[in-house]
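Enquirer: Turn this into a model:
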Amino acid sequence: MEDYQHDNPYASPQAAIEASPSPEPEMGQIWREGDELVFIRKQARPPRACWVTNRERFLHQAPLVDDAVGAAVVLGLLLIPIVGFILALFVAVVATILGHIGGAPSLAWLTWGLAFKRAMVALTVGFLFIAAFATSNISVAGGSPLFLVAVVIGALAIYLYVTRDRLVLGLEARRDGRRLVRVRGVHPDYLARLPERPSGA
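Expert: The predicted structure is shown next:
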């Protein structure tokens with residue numbers, strides 16, 4: 001009978017096959033220091049759970065604002081009528097080469113609800129910048145009052161851009177050199193998943 005079960009492809013298996021365990025995240029590239037989450041840009045594989053709620057279901061990876069200062073300067077230059085686009089493009093290239101603007105976003109795990117709220121704020125910021133850029137260039141023909149309107153709209157857009165993670169998520173990311181990103185506001189239970197700072201980090 002055992003030979004029959006072994007040779008018959010339709011026979012029921014004699015023992016349940018254990019599912020292979022899911023791969024563990026590479027903890028050497030992400031860790032905690034006090035109340036901060038620290039990870040290596042472009043390399044870290046964080047545990048799959050929401051950084052804000054620590055939930056493990058219905059997740060989405062969203063970029064964090066960790067280059068806000070450099071990007072804010074570039075966006076502000078766009079408000080200069082006519083030549084603003086050229087200036088902003090030039091400064092963006094130089095700032096990226098010098099490392100003041102990251103070449104790739106830092107990704108955080110969020111629930112779909114939080115990711116959607118953050119995306120709506122980002123979309124609002126985009127529309128505000130388009131309105132500010134257009135108003136600024138129209139002001140060349142229409143006069144200074146229109147330029148002041150562009151500055152107000154642009155300043156609001158820059159504020160929302162720089163603070164949107166803090167406002168919507170309660171997270172505050174900052175770069176530490178070219179390799180590391182430090183994030184405050186991460187759920188304490190999520191931080192507990194991570195090891196302490198590794199030696200040599």
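
Enquirer: Please count neighbours and contacts with C-alpha atoms only from this point.
Expert: Fine.

Enquirer: pLDDT below threshold where in this protein?
Expert: Low-confidence regions of the chain, defined by pLDDT under 70, span residues 1-28, 142, 198-201.

Enquirer: which stretches of it form helices?
Expert: For the chain, the helices defined by DSSP state H occupy 2-7, 68-77, 84-98, 112-142, 144-168, 188-191.

Enquirer: May I have the last one exported as PDB, CA atoms only?
Expert: Extracted in PDB, the C-alpha atoms of helix 188-191 (Å, rounded to 0.1, in the frame of the first residue of the first chain):
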ATOM      1  CA  PRO A 188       6.400  52.500  19.700                       C
ATOM      2  CA  ASP A 189       5.300  48.900  19.000                       C
ATOM      3  CA  TYR A 190       6.800  49.100  15.500                       C
ATOM      4  CA  LEU A 191      10.000  50.400  16.900                       C
END
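
Enquirer: how far does that helix sit from the chain's center?
Expert: 18 Å (CA atoms, centre = their mean, to the nearest Å).

Enquirer: Kindly report the same for the fourth one.
Expert: Distance, stretch centre to chain centre, for helix 112-142: 18 Å (CA atoms, centre = their mean).

Enquirer: buried ones in that helix?
Expert: Taking 16 or more other CA atoms under 10 Å as the basis for neighbour counts, the residues of helix 112-142 that come out buried are 112, 114-115, 118-119, 121-122, 125, 128-139.

Enquirer: ditto for stretch 86-106
Expert: By neighbour count, with 16+ other CA under 10 Å as the criterion, the buried positions of stretch 86-106 are 88, 91-92, 95, 100-102, 106.

Enquirer: which one among these gets closest to residue 67?
Expert: Ranked by distance to residue 67 (CA to CA), the buried residues of stretch 86-106 are led by residue 101 at 5.3 Å.
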